[in-house]
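The amino acid sequence is not available; the structure is as follows:
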């Protein structure tokens, strides 16, 4: 019924393409006319005060939250279309959550294997090997048989990143990945994310960590009250004159 | 089906059924009051400082929660006349059975309610110089009741349904009255269906009210 | 152990109180319980212990069979009650030129889609509402007296004459369906208590809704609801006593019978009480083991943060 279209990388159409997206919770409009795009290999940081809709913005990209207006395509496939095979689409996008959301009843390695076995249909041996590779990448091979509740926050989040990578995704979404972490664990997670960016992963990151943005991001999006107020390169954002709200936000954040 | 449904008999027997329903409602009401009062007392004993009282109250609650209500009704139906030494009406024995049974369940609800009041509140009351009794009366119990009102009402609905069990000792509540008519007029189906519908409507109405209450409380 | 001790002491206190209160004109005749058939000539009337054991057997049989129905059906209905995502099914062959949207039915690109989830969810809601708002005893009477009449004649005849143990099976079905509604509520509460983030994470890695339930939500939900399920399981044992009204000779019925035959009611009731308490204690002990085996390493509480 649904033909997943081939990747059509035409000029002007990014891997993640968002056009005039609007979303309401009841009567309250939480996303207002949002348009942006993320190209292959780009790292885009989304920032803004709380309530600005940045978490919601990232959740509509892979269809976790529905939206009422506009269109979103990922790799040419429409996210909002009712006939799109969303689970299949989501298997190509990895996502990391603020509260880690590891599955508590599965061991670490089982957490990473789950989607490989049940969605991609890989063999157990292959899934296990791939999982061990990823655990090595995030530096947690010796925790493989432990359970999430036995790990620290920083460790859990690194496992969550490995879980997202297990599907060999085309892009990764991060929803405030370090906001729930104790300060001393933030860097271990940011380091993993930086190395991902260096390897050319397409990333969209909602975060307050401006240091990370300055070092790693290609572009920065600033959201306020449901709208995208600023959408420019990193240098433009941190260097030049921005709008009043963005300036205010930056001044508050950067004095931290 | 021998002869089709004939609900005329229901309309004819409304006065008799109403008497039965009256008994059901009286039993429910008295059961709730008695159960609540006694249950709260039990809860206070269980949570209080005296170990003996807590133990006795705990044994009582565990005991009555292990038994089917029918057995408890039988116990009191036969026990009370012997203890008192004279004939006691079925209604009185059943009422006592109900109160003692439901008190165990209300105790657990009240206990959960009292424990749901934050410890900080208790400390605040103590710091002001209130005695244990005053603390309970003015600080803890009012808050506990408010938290537990939806569950208390749900238990009341359960009690209302449980009153149907007095059938086993032949007390003329709503169900038994309906059965008397059913047997005398040979119209079992119509009567039982009517009984089911009446209970359903009353319980559904009460449940909707409880749901609304819960929504209101969760918004505050 | 401590709990059994408590209950036992409670029972003893109760008995002592009844012994002390008032003019207690009752002669305890404990020997009556252990009468066997051989003693009948010696003045003992009837094999009472044997009856009690039989009654206990029927209680356990009714309760176990009803629980099997209750748990399986109740879990399904509880899951159905948590469905929020639409489950779309395309009506084959029919094309609609007009765009419309009416409740669960709508059109997209000319095809008619029906949201099956709406029907399933509605059915589950209806089921729970009906079975929770009619007293169990009334439900039992409906099944026993009314149901055989309103089905077709052959089925009705079979229910009344041909089916083996009609009272037993009626009680089992009635109790099973009623308890299923309680189990459904527990399952629903368990699933709803899991934070939404878990569902998001499961969907984000590409799991389909059925897989989300199977691999992420249900394993955790069922662990959460072990305590309330235990109390529903005990409830099944207690509610099995209602079957006496339609003639199932379970434990309470037997004690009543002994009481009528021999005026040794107290002994019989005490035996039944002790047995119910014992069954309760065994069930709680068993479920305690289940809970410990199912525990997730490192977790104290599974509630949503």
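That came in fine, so what should we check first? These figures come from a predicted structure and were not determined experimentally.

do the helix or strand bottoming out on mean pLDDT in chain B and chain C meet at all?
Between all helices and strands in chain B, the lowest mean by mean pLDDT, DSSP states H and E belongs to helix B:8-12, at a mean of 78. No - counting by CB under 8 Å from any CB of the partner chain, chain C has no neighbours in helix B:8-12; the shortest distance is 14.0 Å. For every residue, glycine as well, the C-beta is placed using N, CA and C.

which of the residues in that helix are buried?
Of all the residues in helix B:8-12, those buried under the rule 16 or more other CB atoms under 10 Å in any protein chain shown are B:9, B:10.

do the same with stretch B:28-36
Neighbour count says stretch B:28-36 has B:28, B:31, B:32, B:34, B:35, B:36 buried, by 16+ other CB under 10 Å.

re earlier: residues making contact with the least confident helix or strand of chain B?
Contacts with helix B:8-12, where a contact means CB atoms under 8 Å, 6 or more residues apart in numbering or on different chains, come from B:17, B:181, B:185, B:187, B:190, B:191, B:194.

give me the low-pLDDT residue ranges for the chain?
Picked chain A for this. Within chain A, the ranges that satisfy pLDDT under 70 run A:1-14, A:254-256.

please go with chain B instead
For chain B (pLDDT under 70), the answer is B:1-5, B:83, B:218-220.

where do the helices sit along it?
For chain B, the helices defined by DSSP state H occupy B:8-12, B:14-47, B:51-65, B:69-84, B:90-116, B:119-127, B:132-134, B:141-162, B:174-185, B:188-219.

buried stuff in the third one?
Right, the one you point to is helix B:51-65. B:54, B:55, B:56, B:57, B:58, B:59, B:60, B:61, B:62, B:63, B:64, B:65.

Stretch C:126-143 - what's its average pLDDT?
Across stretch C:126-143, the average pLDDT comes to 93.

how long is that stretch from one end to the other?
Terminal residues of stretch C:126-143 are spaced 18 Å apart (CA to CA, to the nearest Å).

what does it rub up against?
By CB under 8 Å, 6+ apart, the surrounding residues in contact with stretch C:126-143 are B:161-162, B:164-165, B:167, B:175, B:192-193, B:195-196, B:199-200, B:203-204, B:207, C:77, C:81, C:170-171, C:173-175, C:177-178, C:180-182, C:184-185, C:239, C:242-243, C:245-246.

Could you pull out the helices in the chain for me?
I went with chain A, as the question did not name one. Using DSSP H, the helices of chain A run over residues A:54-61, A:86-90, A:108-115, A:124-138, A:153-165, A:183-198, A:210-216, A:234-239, A:244-254.

think we crossed wires, I meant chain C
C:2-20, C:48-81, C:116-132, C:136-141, C:147-150, C:153-157, C:166-192, C:196-204, C:209-211, C:218-224, C:226-239, C:251-262, C:265-294.

What residues does chain A have near chain C?
Going by CB under 8 Å from any CB, the residues of chain A near chain C are A:1, A:59, A:62, A:64, A:82-83, A:86-88, A:90-95, A:97-99, A:101-105, A:114-115, A:118-119, A:146-150, A:160, A:163-164, A:166-167, A:173.

that older thread, dump the buried residues of helix B:51-65 into CSV; add distance to chain A as well.
Shown next, in CSV, are the buried residues of helix B:51-65 (distance: CB to the nearest CB, whole Å):
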residue, distance to chain A
B:54, 34
B:55, 35
B:56, 39
B:57, 36
B:58, 32
B:59, 36
B:60, 38
B:61, 33
B:62, 32
B:63, 36
B:64, 36
B:65, 31
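
Give me the subset of these that also touch chain C.
B:55, B:56, B:58, B:59, B:60, B:62, B:63.

Now for residue 89, how many residues are close by?
Went with chain A since none was named. 18 (other CB atoms under 10 Å in any protein chain shown).

ah, I was thinking of chain C
12.

for residue A:169, same thing?
Counted with other CB under 10 Å, residue A:169 comes out at 21.

For the residue lying closest to it once chain neighbours are set aside, name its beta-bridge partners.
Closest residue to residue A:169 apart from its sequence neighbours, by CB to CB, 6 or more residues apart in numbering or on different chains: residue A:94 at 4.0 Å. Applying DSSP bridges to residue A:94 gives these bridge partners: residue A:172.

Dump the helices of chain A into a markdown table; add distance to chain B as well.
Shown next, in a markdown table, are these (distance: least, CB to the nearest CB, whole Å):
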| stretch | distance to chain B |
| --- | --- |
| helix A:54-61 | 23 |
| helix A:86-90 | 31 |
| helix A:108-115 | 33 |
| helix A:124-138 | 40 |
| helix A:153-165 | 27 |
| helix A:183-198 | 28 |
| helix A:210-216 | 37 |
| helix A:234-239 | 41 |
| helix A:244-254 | 32 |
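
can you tell me which of these comes nearest to residue C:282?
For the helices of chain A, proximity to residue C:282 was assessed by CB to CB; helix A:108-115 is nearest, at 34.3 Å.
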